[in-house]
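Asker: Sharing a sequence plus its predicted fold:
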Amino acid sequence: MKTLKQNALMLQCSNVLMKNFIFVSILIILIFGLLGAKALFHSGFYTSHDGEHQLVRQYVFEQGLKDRQIPVRFNRQLYNGFGYPLFYFTYRFPFYIGEVFRVIGLSFADSIKLVFFITYIASGLAMFWFARRWGNFAGTITAILYMWAPYRFSVIFVRAALGEHMAAVFVPLLFASVRSGKKGNVNVVLGTLSLAGMFLSHAMMAQMTLLVFIPWLIANFFLDREKKSFISDHFVTIRQLIYSPWGYTFSMKGVENDGMSFQVGIAQWLAVAIAVIGYMLLVISKKHKTSKISLLPAIVLLFVFTASIFLMTEQSAFIWNRWKSFINIDMPWRFLLMTTFSASALAGIVIKGPALSGKAGPLLAIILVILALYTNRNHLRANEYFDYSDTRLETYSGTSNSDNEYRPKWDDGGIVNSILPEALISKGNGELKVVNSKSNLLELAVKAEENIRLDIYILYFPGWKIIVDGKENKFKYTGEKGIIRVDLEKGYHMVEARFSEPLLAAVGDFISVTSFIILIIVIKKL
């Protein structure tokens, strides 16, 4: 009886210590997150590749919600007032979070910076959740290395690639969802949520992650069985992956003197090297009984790291040329997220695993953290800060895409360079007045003194309907550079151009809502 009581007491003490250590781990991750993202708390916004685009997208997203676009799709202000189907193609998950800060009164600039900060911290906590399978200490070090990598700071302070940044939260969670030995239903839920979050954050990163996730999925399935678009030429070189000067300009095609850095990270390279050497010596020596269960995760992560390196270099061009019809990835160096993830995870495996013994694990952890801090010391700052008022967004006339690549196929890009009214009587005599103008609606009162032709300067995209005097009306758009053209008879008319979901999009919405309801039911039954 005494022994049972002692065991129960020891178990209770162990649980208390475990909870305390988890609390300490989370606190450490928060501290490193604050240090890494401190430049986000500077007043004003900062110069970057896509920074203004993120502000515009948050503004457009908010306008769509105010105009009761659920989900947000189109905005008439963009593309010089001709309209643009931005959120048919652009990620939107980060802007739901940003809208929370807008509701409490923060500026667009501060809201976007806070989204960067929160998701940066969340990525570290997600990595800790994944890597604590090797122990809380190893999980903490892994999370720090995942956050403190050159690529992560480049995404925030150089490129301001918000969707890609947010996708980093879901990569560890996706890999955690197939851990062998867990209940299948928990895996399904976590995996489903991770995939959904990744696709809503950045569909391109989701495709890339799935490419290297498959080996991990197969490996864990094996362990369970045992126990019962186009690609561009933005390739990088190995030398750039080892070291490339830090810069705030752009990636250049086919050259090595890029204006931004593509370093994997010295600490991350060291973790990979030690993992390779340590496990090779372990296998060769045969002094330690290494099971497939402990060795296979390291092998798969090494494969993920190596495959990601290969897919970023020009030697992999033959693969992209064959897959470009199925996989839409524009910049191969986006695989830096996977090298950062796999190298950080390998650090956790090595620290806790059998490849090191005695005090070597904690010593390596200290060395890796110091290296991460030192080698990234100059990556923690933005290039320049400037004031970006919310009123500036009210007159924005671009698209938030560098190449306006979401414009309709019948647009030749010519008419949008003209400054035109929202609507104009192009044939015949009459008068018109704008009654209501929103992101997805234009309502006109028209007095036609004779049969007239009305040009509505909106570039047609599937979903636009013209309603004349309460009845849907046929209209033209092809052959007229995509603008909407309506013929009206003599008299008074109320003309409404309204954007709504086309059938295919509505079916997609129904599937999404239904899937979400099913997922909630599954979660409640767990």
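Answerer: Here it is on my side, so go on.
Asker: Just give me how far stretch 121-128 sits from the chain centre.
Answerer: Chain-centre distance of stretch 121-128: 15 Å, with CA atoms, centre = their mean, to the nearest Å.
Asker: Give me the mean pLDDT for that stretch.
Answerer: This predicted structure assigns stretch 121-128 an average pLDDT of 96.
Asker: What of stretch 429-437?
Answerer: 92.
Asker: which residues sit against it?
Answerer: 76, 422-425, 442-450, 452, 454, 494 (CB atoms under 8 Å, 6 or more residues apart in numbering). In this view, the C-beta of every residue, glycine as well, is placed from N, C-alpha and C.
Asker: List the buried residues in that stretch.
Answerer: Of the residues in stretch 429-437, those with enough neighbours to count as buried (16 or more other CB atoms under 10 Å) are 430, 432.
Asker: How far does that stretch sit from its chain's centre?
Answerer: What separates the centre of stretch 429-437 from the centre of its chain is 42 Å, taken as CA atoms, centre = their mean.
Asker: Mind exporting the C-alpha coordinates of it to CSV?
Answerer: Output for stretch 429-437, consisting of C-alpha atoms alone and laid out as CSV, is shown next (Å, rounded to 0.1, in the frame of the first residue of the first chain):
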residue,chain,number,x,y,z
ASN,A,429,-29.1,61.4,-75.4
GLY,A,430,-30.0,61.2,-71.8
GLU,A,431,-29.0,61.8,-68.2
LEU,A,432,-27.8,59.5,-65.4
LYS,A,433,-27.1,59.8,-61.7
VAL,A,434,-25.2,57.5,-59.4
VAL,A,435,-27.6,56.5,-56.6
ASN,A,436,-25.5,54.0,-54.8
SER,A,437,-21.8,52.9,-55.2
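Asker: Would you confirm that N440 contacts A497?
Answerer: No: with contacts counted by CB atoms under 8 Å, N440 stays clear of A497, the gap being 9.1 Å.
Asker: Between the two, which is the more surrounded one?
Answerer: Using other CB atoms under 10 Å as the criterion, N440 and A497 rank with A497 on top: 25 against 21.
Asker: Which residues are in contact with the nearest residue to the more buried one once chain neighbours are set aside?
Answerer: In space, and not counting its chain neighbours, A497 is closest to L442: 4.4 Å by CB to CB, 6 or more residues apart in numbering. Each residue near L442 by CB under 8 Å, 6+ apart is listed here: 76, 422-423, 434, 436, 456, 458, 496-497.
Asker: Next, the buried residues of whatever helix or strand L442 lives in.
Answerer: Using DSSP states H and E, L442 maps to strand 441-448. Using 16+ other CB under 10 Å as the burial criterion, the residues of strand 441-448 that qualify are 441-444, 446, 448.
Asker: Same check on stretch 195-212?
Answerer: In terms of neighbour count (16+ other CB under 10 Å), stretch 195-212 has its buried residues at 195-202, 204-209, 211-212.
Asker: Quickly list the domain ranges of this structure.
Answerer: 2-390, 418-505 (automatic domain parsing).
Asker: quick revisit: does the residue nearest to A497 have beta-bridge partners, and which?
Answerer: The bridge-partner assignment for L442, based on DSSP bridges, gives S437, A497.
Asker: Send me stretch 518-526 as CSV with only the CA atoms.
Answerer: The C-alpha atoms that make up stretch 518-526 are tabulated as CSV, following Å, rounded to 0.1, in the frame of the first residue of the first chain:
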residue,chain,number,x,y,z
ILE,A,518,-19.2,18.1,-40.4
LEU,A,519,-15.8,18.9,-38.8
ILE,A,520,-17.5,20.6,-35.8
ILE,A,521,-19.7,17.5,-35.3
VAL,A,522,-16.6,15.3,-35.4
ILE,A,523,-14.7,17.4,-32.9
LYS,A,524,-17.7,17.4,-30.5
LYS,A,525,-17.8,13.6,-30.7
LEU,A,526,-14.1,13.2,-29.8
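Asker: ok, and what's touching stretch 27-40?
Answerer: Defining contact as CB under 8 Å, 6+ apart, one finds that stretch 27-40 is touched by 46, 113-114, 116-117, 120-121, 124-125, 128, 140, 143-144, 147-148, 152-153, 156-157, 376, 380-382.
Asker: What subset of the residues you listed is buried?
Answerer: Using 16+ other CB under 10 Å, the buried members of these are 46, 113-114, 116-117, 120-121, 124-125, 128, 140, 143-144, 147-148, 152-153, 156-157, 376, 380, 382.
Asker: Now for the nearest residue to A307 once chain neighbours are set aside: which residues touch it?
Answerer: With sequence-adjacent residues excluded and distances taken as CB to CB, 6+ apart, A307 is closest to V212, at 5.8 Å. V212 sits next to 304, 307-308, 338, 342 when contact means CB under 8 Å, 6+ apart.
Asker: Then V446?
Answerer: With contacts defined as CB under 8 Å, 6+ apart, V446 is in contact with 425, 430-432, 452, 454, 488, 492-495.
Asker: again, only this time at 10 Å
Answerer: By CB atoms under 10 Å, 6 or more residues apart in numbering, V446 lies in contact with 423, 425, 430-433, 452, 454, 468-469, 486, 488, 491-495.
Asker: quick one: it and G51, what's the gap?
Answerer: 42 Å (CB to CB, to the nearest Å).
Asker: And H379, by the same measure?
Answerer: When distances are taken as CB to CB, H379 and G51 turn out to be 17 Å apart.
Asker: returning to that earlier point: among the contacts of V446, which are located in strands?
Answerer: Filtering these for membership in strands, criterion DSSP state E, returns 423, 425, 430-433, 452, 454, 468, 486, 488, 491-495.
Asker: farthest pair in the residues you listed?
Answerer: Comparing every pair within these by CB to CB identifies A423 and G491 as the most remote, at 17.1 Å.
Asker: So between the two, which is more surrounded?
Answerer: Counted by other CB under 10 Å, A423 and G491 do not tie: A423 has more neighbours, with 23 against 13.
Asker: Could you point out the helix or strand that follows the helix or strand encompassing A122?
Answerer: Using DSSP H and E, the secondary-structure element containing A122 is helix 108-131. Once the chain leaves helix 108-131, the next helix or strand it forms, by DSSP H and E, is helix 136-147.
Asker: Do me a favour and average the pLDDT over the next helix or strand after that following helix.
Answerer: Beyond helix 136-147 on the C-terminal side, the first helix or strand identified by DSSP H and E is helix 150-153. This predicted structure assigns helix 150-153 an average pLDDT of 94.
Asker: Equivalent analysis for stretch 442-461, please.
Answerer: Mean predicted lDDT for stretch 442-461 stands at 91.
Asker: how about P85, phi and psi?
Answerer: Here is the backbone geometry of P85 (degrees, to the nearest 10): phi -80, psi 60.
Asker: same deal with the one 3 residues further on?
Answerer: Taking degrees, to the nearest 10, you get phi -80, psi -20 for the backbone angles of Y88.
Asker: Can you give me the neighbour number for it?
Answerer: By the other CB under 10 Å criterion, the neighbourhood of Y88 contains 15 residues.
Asker: And for L145?
Answerer: Neighbour count of L145, defined by other CB under 10 Å: 32.
Asker: Same check on I517?
Answerer: Neighbourhood size, I517 [other CB under 10 Å]: 10.
Asker: start the count at 56, not 1, going forward
Answerer: All right, first residue 56 from here; so that's I572.
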